[in-house]
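Trainee: what follows is a predicted structure for the sequence shown.
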Amino acid sequence: MANLLRAYNSALMRRPYATGMASAAFLFGAGDVLAQQGIEKRGADHDYMRTLRLAGYGGLIFAPLITRVYGGIERIRFQSKVATTVARVGVDQFVLTPCVLTLFFTCQSLLEGKGFSEARNRIENKWWPTIQKNWGTWIPVQLINFSVVPLHLRLLVVNVVSLFWKCV
């Protein structure tokens, strides 16, 4: 396991975008498989296209966006480490997350071929309940992530927690 982590860390340092995109695609897809099989009990009725859409979103949209934005968030600095962490989490949860959630609902609607009217409907009906549930989980996670996890590993932390977040 230690060798695997060393290899992953080395890949992240050499090619942060490609490595983050590959791991996000895998973990977003795996999270959907867990949700469909473990929670929804779909069995043979597994929606493979849904898994593909989520893996594609995770790898092609979410990972490069978060990698870039987290680099910007890292520039937020105060004299106090606590103030720095709180400010970073505040930007992540109250600026970035609302935008990313809107992007997610829009992308999924479009990838399903349902258009912007369905995206708007999802945003109007699901955005607020989802963001509230998000804050209950992600504010504590991000407090830890932004205070003790090195920048290059933060996307991985988000992806691993997301693996289970999709099952909630």
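Mentor: Cool, got the structure. This structure is a prediction, so every number in the text was calculated from the model and none was measured. Numbers count the residues shown, from 1 in each chain.
Trainee: quick one, helices of this protein?
Mentor: When assigned using DSSP state H, the helices of the chain occupy the ranges 2-14, 16-34, 48-56, 63-73, 81-91, 97-111, 115-148, 151-165.
Trainee: ok, Leu163 touching Ala30?
Mentor: Yes - using CB atoms under 8 Å, Leu163 makes contact with Ala30 at a distance of 6.0 Å. Heads up, the C-betas are built off the backbone N, CA and C, glycines and all.
Trainee: I'd like the helices of the chain laid out as CSV, including distance to Lys41 and mean pLDDT.
Mentor: What follows is the helices of the chain, written out as CSV (distance: least, CB to CB, whole Å; pLDDT from 0 to 100):
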stretch, distance to Lys41, mean pLDDT
helix 2-14, 31, 90
helix 16-34, 12, 95
helix 48-56, 15, 97
helix 63-73, 29, 97
helix 81-91, 35, 98
helix 97-111, 22, 97
helix 115-148, 22, 97
helix 151-165, 17, 90
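Trainee: save the ones you listed as CSV, and put in mean neighbour count too.
Mentor: Below are the helices of the chain laid out as CSV (neighbours: other CB atoms under 10 Å):
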stretch, mean neighbour count
helix 2-14, 11
helix 16-34, 20
helix 48-56, 17
helix 63-73, 17
helix 81-91, 16
helix 97-111, 17
helix 115-148, 14
helix 151-165, 18
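Trainee: list the contacts of Gly56.
Mentor: Remark: with contacts taken as CB atoms under 8 Å, 6 or more residues apart in numbering, Gly56 is in contact with Ala25, Leu111.
Trainee: if we go to 6 Å?
Mentor: Gly56 is in contact with no residue at all, counting by CB atoms under 6 Å, 6 or more residues apart in numbering.
Trainee: mind checking how far it is from Phe62?
Mentor: Distance, Gly56 to Phe62, using CB to CB, to the nearest Å: 10 Å.
Trainee: for stretch 150-164, which outside residues touch it?
Mentor: Around stretch 150-164, the neighbours that count as contacts under CB under 6 Å, 6+ apart are 12, 20, 23-24, 27, 30-31, 66-67, 70, 74, 141, 145, 149.
Trainee: same deal with stretch 70-83?
Mentor: Outside stretch 70-83, the residues that touch it by CB under 6 Å, 6+ apart are Thr84, Ala87, Arg88, Val91, Leu151, Arg154.
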